[in-house]
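*Asks:* Quick one, structure for this:
(one chain, ligands or ions: 3)
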Amino acid sequence: MYLVLLGAPGAGKGTQAATLTKELKLAHIASGDLFRQALSKGTELGLQAKAYMEKGQLVPNEVTIKMVLDRITAPDCAAGIILDGFPRNVEQAKALDEALKAQKKGIDKAVYIKVSEAELLKRLTGRWICRSCQAPYHEVSSPSRVKGKCDKCGCELYQRADDNTETIKKRLVVFFAETAPLIEYYSKVGKLIEVQGEGSMQDIGARIIAALKVKKSNN
Ligand code: AP5
Ligand code: MG
Ligand code: ZN
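*Replies:* Ligands and ions are numbered 1, 2, ... in the order given. Reported below is the predicted structural model:
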């Protein structure tokens, strides 16, 4: 299965992808995580992305599209993928469709996780992330068991440089201007599923699974 998770910054794409990938046995490809990994390694790609990410702007399409299309040809993607944060504008969506079509594949569904702006701000300003495995936590709604340490791997938690109120507001403007048109893009071809993204993380996951009409894997 090929799924796209659509949603504003803080909508819960990474949170839901982490459980959905296990339940549906799909690879999780998050463009933002790929950029942050490149940045922490100090690669050319990371340096190219840095200035855009800090300003809350999109990294140029020529850089982003190549990075993601290269990644989805890896063997772990053969059984299907959940794309989180990509595509983020119509040009990226078209490039993805073309690349999958060339492999006689295609996007099955795009899940739009809808969350109010006030809730998005609360989520992002309280978010902490694992430096190693990227697992997201929230200081109020889902704190780690030991303060500042990841439950899954024990590594240090940090706050993203773009999770400050000023940059979050810029990211929201970019979302509504450039990414929201993808809601119509996938709706027109009958692939859009809209899910109410407020409530417990488990309930939202169950809503997505129900809307996809798939069975969870029990192992
Ligand atoms: P990216 O990393 O993709 O960030 P984003 O889209 O801004 O989304 P976030 O990761 O902030 O939010 P999320 O939806 O994953 O929420 P999460 O699950 O963590 O992109 C960052 C930057 O990289 C971009 O600005 C751009 O510069 C660049 N970039 C990336 N992709 C690109 C592309 N395709 N093209 C060009 N540039 C690109 O949850 C948020 C918080 O809420 C967490 O603390 C979590 O614990 C909490 N939470 C989650 N669910 C719930 C719930 N139900 N109730 C309460 N709290 C919850
Ligand atoms: Mg994310
Ligand atoms: Zn971790």
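*Asks:* beta partners for the most centrally placed residue in the chain?
*Replies:* The centroid of the chain falls nearest to Asp84 when counting by Cα atoms, centre = their mean (2.7 Å). Per DSSP bridges, the residues bridged to Asp84 are Leu5, Ala30.
*Asks:* Secondary structure class of the residue at the greatest distance from the centre of the chain, three-state.
*Replies:* Largest separation from the mean C-alpha position in the chain: Val146, at 25.5 Å (Cα atoms, centre = their mean). Secondary structure, DSSP: H, G, I helix; E, B strand; the rest coil: Val146 is coil.
*Asks:* mind checking the SS state of the residue of the chain found nearest ligand 1?
*Replies:* For the chain, the residue closest to ligand 1 is Gly32, as judged by Cβ to the nearest ligand atom, at 1.9 Å. Any C-beta I mention is one placed from the backbone N, CA and C, and that applies to glycine too. Here Gly32 is helix, with the state taken from three-state DSSP.
*Asks:* Burial check on it, number of neighbours?
*Replies:* Gly32 sits with 20 neighbouring residues when counted by other Cβ atoms under 10 Å.
*Asks:* Can you list phi and psi of the closest residue in space to Met201 that isn't next to it in sequence for me?
*Replies:* Ranked by Cβ to Cβ, 6 or more residues apart in numbering and with sequence neighbours excluded, the top spatial neighbour of Met201 is Thr15, at 5.7 Å. When read as degrees, to the nearest 10, the backbone of Thr15 gives phi -60, psi -50.
*Asks:* any idea how far Gln196 is from Thr15?
*Replies:* Distance, Thr15 to Gln196, using Cβ to Cβ, to the nearest Å: 15 Å.
*Asks:* Between these two, point out the one with more neighbours.
*Replies:* Neighbours were counted for Thr15 and for Gln196 using other Cβ under 10 Å; Thr15 has more, 24 against 11.
*Asks:* and the gap between the more buried one and Ile168?
*Replies:* Thr15 is 17 Å from Ile168, where distance means Cβ to Cβ.
*Asks:* Asp108 contacts Val4, correct?
*Replies:* No - Asp108 lies out of contact with Val4 (Cβ atoms under 8 Å); the separation is 9.1 Å.
*Asks:* more neighbours, the two?
*Replies:* Neighbours per residue, other Cβ under 10 Å: of Asp108 and Val4, the larger number sits with Val4, 24 against 13.
*Asks:* Could you list which residues are in contact with that one?
*Replies:* Ile82, Leu83, Phe86, Pro87, Ile107, Lys109, Ala110, Val111, Tyr186 (Cβ atoms under 8 Å, 6 or more residues apart in numbering).
*Asks:* List, one by one, the residues from the protein near ligand 3.
*Replies:* Residues of the chain lying close to ligand 3 by Cβ under 5 Å from the ion are Cys130, Ser132, Cys133, Ala135, Cys150, Lys152, Cys153, Cys155.
*Asks:* which of those are buried?
*Replies:* When the residues of the chain next to ligand 3 are checked for burial by 16 or more other Cβ atoms under 10 Å, the buried set is Cys130, Ala135, Cys150.
*Asks:* Sounds good, over and out.
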